[in-house]
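Asks: Sequence and predicted structure are below.
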Amino acid sequence: MKHEERCILRVIHAADRGDAPSTRKRRCRRLQQRVALLKVEYVAGKRSLGSYWRAGAQAVNEFT
C-alpha cells in the first residue's frame, strides 16, 4: 500500500509540475487494443455475450 501511495504521489507531483504523462507500456496498449476489438465484434453481433467474456478473460490472462 505504501508503494502504491508513493507511485500515485509521484504522478500527482509530476502533473503539478506540468510534466507530460508517462506512456503506457506496449503490453498495456496491446491489451487495450484487443479488448476494444472484442467490444466491436460483440456490438456488431459477431460474438455472443459468453464468447465475449471468455475471449476477454483469455486476453487478460495472455497479457499479464
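Replies: Received the coordinates, thanks.

Asks: CA only for contacts and neighbour counts going forward, please
Replies: Will do.

Asks: Most distant residue from the centre of this protein?
Replies: With distances taken as CA atoms, centre = their mean, the residue sitting farthest from the centre of the chain turns out to be residue 17, at 25.6 Å.

Asks: separation between it and residue 11?
Replies: Shown here: residue 17 relative to residue 11, a distance of 10 Å by CA to CA, to the nearest Å.

Asks: send the alpha carbons of the longest helix seen in the chain over as CSV?
Replies: Ranked by number of residues, the top helix in the chain under DSSP state H is helix 26-43. Extracted in CSV, the C-alpha atoms of helix 26-43 (Å, rounded to 0.1, in the frame of the first residue of the first chain):
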residue,chain,number,x,y,z
ARG,A,26,3.5,-1.8,-25.0
ARG,A,27,1.8,-4.8,-23.3
CYS,A,28,-0.9,-2.5,-21.9
ARG,A,29,-1.5,-0.8,-25.2
ARG,A,30,-1.9,-4.3,-26.9
LEU,A,31,-4.3,-5.5,-24.3
GLN,A,32,-6.4,-2.3,-24.7
GLN,A,33,-6.5,-2.8,-28.5
ARG,A,34,-7.5,-6.4,-28.1
VAL,A,35,-10.3,-5.6,-25.7
ALA,A,36,-11.5,-2.8,-28.0
LEU,A,37,-11.6,-5.2,-30.9
LEU,A,38,-13.6,-7.7,-28.9
LYS,A,39,-16.1,-5.0,-28.0
VAL,A,40,-16.5,-4.0,-31.6
GLU,A,41,-17.1,-7.7,-32.5
TYR,A,42,-19.7,-8.0,-29.7
VAL,A,43,-21.6,-4.9,-30.6
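
Asks: list the helices and strands that helix packs on?
Replies: In this structure, helix 26-43 makes packing contacts with helix 49-63, judged by 3 or more CA pairs under 8 Å, 6 or more residues apart in numbering; DSSP states H and E.

Asks: and the helix it packs on with helix 26-43, angle?
Replies: In this structure, helix 49-63 runs at an angle of 170 degrees to helix 26-43, with axes from the mean of the first three to the mean of the last three CA atoms, to 10 degrees as the basis.

Asks: Next, the buried residues of helix 49-63.
Replies: 52, 55-56, 59 (16 or more other CA atoms under 10 Å).
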